[in-house]
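In: here are the coordinates; sequence isn't available:
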């Protein structure tokens, strides 16, 4: 009984989220804003990738960020130190993913007509964020090589739902039992359309390809 | 409305889980089995720590393992290769944590009178597993130094609910911006009773302290 009711409520929650996500998507499209939902395990490097990206592209592209965190706004504070761009913090109060309602509320504080690109940094979690659309153009997944090359096998839904995979911390490859070719092979078997980058946010290796690709994603300056 | 109903259902789910967890706890106590619930982010090294632990203690202590995974039984297969001990796989079908009902069912296949120590390897997730008791004696949390030293600040509930913290992959410290003293300081501020280990499952460093401590946790041989 309990299980059935839980599933019913879950389906209603997902349906309601999808409805709100469509509203967010429409607002972003109307304003000509591209939006990426950054998803990963805790500690894969979402915030550091954003710091690097803002440092490189912040002068060329008008970027805003919404960060989601369970209890703190540490990520938003970190990013605010590196940029004068708009950073909105969402504290989920224990929930393990952002939802479209939280993003819709966060966007109230952002002048969408003044930005070209929106990053939504989700809660660090490889499971539930895969199921919740936030109105983004697509999900970009970050995976640290320290997590191992079995992750596509173990968390296939996230690889399936993402359009971009950023393999991060490649400077650690000599010290980890992780084969990045195997990550790519396994990830593409789940999702042949993945665009894959290999980067080290620590050394900067590979970031030029990522930022170059991002530049081609945004609409011309407003 | 939706939010209120979701919270109500969530509370009922947690209450029902607690009830089932008490049953599991009683069964384990009656059988004299110590049980640890291993929790961490994806890729922190739960399975590798178990492989190492089984290799070292498997001849001295009667150990069984229940592994939880979202879609696969890869972890159970990995462990089964390294041990002739009982390994039971639970596939959560998308759920981001194990619950007490799943553990109760998995235990049906294990002769509790023949084991002294049970490891329950949870789904890789630093959020939801903190809220669900599985009838364990306590949670043991694994954190890889590659995840960074800010994790106690960002996921305080998991540190609060755990009795043991295993800081893993210390061989990567020279290559990561991570201060393990800061991890310990921040973790103890949340939970002064934490027993903390620093290990490298790759090099073996620190594992003797962990396995020595484990041996002192189990009841004398049956």
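Out: Now that the structure is in, tell me what you want to look at. Owing to the predicted nature of the structure, the values given are computational and were not obtained by experimental measurement.

In: Can you tell me the centre-most residue of chain A?
Out: Nearest to the mean C-alpha position of chain A, by Cα atoms, centre = their mean, lies residue A:38 at 0.5 Å.

In: Could you verify that that residue is part of a strand?
Out: Yes. According to DSSP: H, G, I helix; E, B strand; the rest coil, residue A:38 belongs to a strand.

In: Show me the longest helix that occurs in chain A.
Out: Across chain A, the longest stretch assigned as helix under DSSP state H is helix A:2-30.

In: Residue A:101 and residue A:20 touch, don't they?
Out: Yes. Counting by Cβ atoms under 8 Å, residue A:20 is a contact partner of residue A:101 at 5.3 Å. The way it works is simple: take the backbone N, C-alpha and C, and place the C-beta from them, glycine included.

In: any idea which helix or strand of chain A has the worst average confidence?
Out: When the helices and strands of chain A are compared on mean pLDDT, DSSP states H and E, helix A:74-82 comes out lowest with a mean of 83.

In: Distance from the chain centre to it, please.
Out: Its chain's C-alpha centre lies 16 Å from the corresponding centre of helix A:74-82 when counted by Cα atoms, centre = their mean, to the nearest Å.

In: And that helix, what's buried?
Out: Going by neighbour count (16 or more other Cβ atoms under 10 Å in any protein chain shown), the buried part of helix A:74-82 is A:75, A:76, A:78, A:79, A:80, A:82.

In: Tell me which residues of stretch A:57-65 come out buried.
Out: Of all the residues in stretch A:57-65, those buried under the rule 16+ other Cβ under 10 Å are A:57, A:61, A:62, A:63, A:64, A:65.

In: for stretch A:108-126, that is, sorry about that
Out: Buried residues in stretch A:108-126, counting neighbours by 16+ other Cβ under 10 Å, are found at A:110, A:112, A:115-126.

In: now, which of the buried residues of stretch A:57-65 sits nearest chain B?
Out: Closest to chain B out of these is residue A:65 (16.5 Å), distances taken as Cβ to the nearest Cβ.

In: ok, the closest one touching residue A:90?
Out: No. Residue A:65 lies out of contact with residue A:90 (Cβ under 8 Å); the separation is 10.9 Å.

In: May I have the secondary structure class of residue A:102?
Out: For residue A:102, the secondary-structure state derived from three-state DSSP is helix.

In: So what's the predicted local confidence for it?
Out: Residue A:102 carries a pLDDT value of 95.

In: For residue A:110, which residues are in contact?
Out: Taking Cβ atoms under 8 Å, 6 or more residues apart in numbering or on different chains, we find residue A:110 in contact with A:64, A:66, A:86, A:88, A:118.

In: a strand runs through it, doesn't it?
Out: No. Per three-state DSSP, residue A:110 lies outside any strand segment and is coil.

In: Which pLDDT does the model give the residue lying closest to residue A:18 once chain neighbours are set aside?
Out: Nearest non-adjacent residue to residue A:18, counting by Cβ to Cβ, 6 or more residues apart in numbering or on different chains: residue A:133, 6.1 Å away. Looking at residue A:133, its pLDDT reads 96.

In: Confirm that residue A:133 sits in a helix.
Out: No. Read with three-state DSSP, residue A:133 is coil and lies in no helix.

In: Could you check how far it is from residue B:114?
Out: Between residue A:133 and residue B:114 the computed distance is 48 Å (Cβ to Cβ, to the nearest Å).

In: how about the residue nearest to the centre of chain A, what does it touch?
Out: Going by Cβ under 8 Å, 6+ apart, the list of residues near residue A:38 reads A:46, A:49, A:50, A:119, A:120, A:121, A:122, A:139, A:140, A:141, A:142.

In: now the buried residues of helix A:74-82 as TSV including distance to residue A:171?
Out: Below are the buried residues of helix A:74-82 laid out as TSV (distance: Cβ to Cβ, whole Å):
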residue	distance to residue A:171
A:75	22
A:76	26
A:78	20
A:79	22
A:80	27
A:82	21
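
In: and which of those is nearest chain B?
Out: Nearest to chain B, judged by Cβ to the nearest Cβ, of these is residue A:75 at 8.0 Å.

In: for the closest one, what are its contacts?
Out: Residue A:75 sits next to A:46, A:47, A:67, A:69, A:89, A:121, B:154 when contact means Cβ under 8 Å, 6+ apart.

In: Residue A:71 now?
Out: A:91, A:93, A:94, B:154, B:155, B:156, B:157.

In: mind running it again at 10 Å?
Out: Residues near residue A:71 by Cβ atoms under 10 Å, 6 or more residues apart in numbering or on different chains: A:91, A:92, A:93, A:94, B:127, B:153, B:154, B:155, B:156, B:157.
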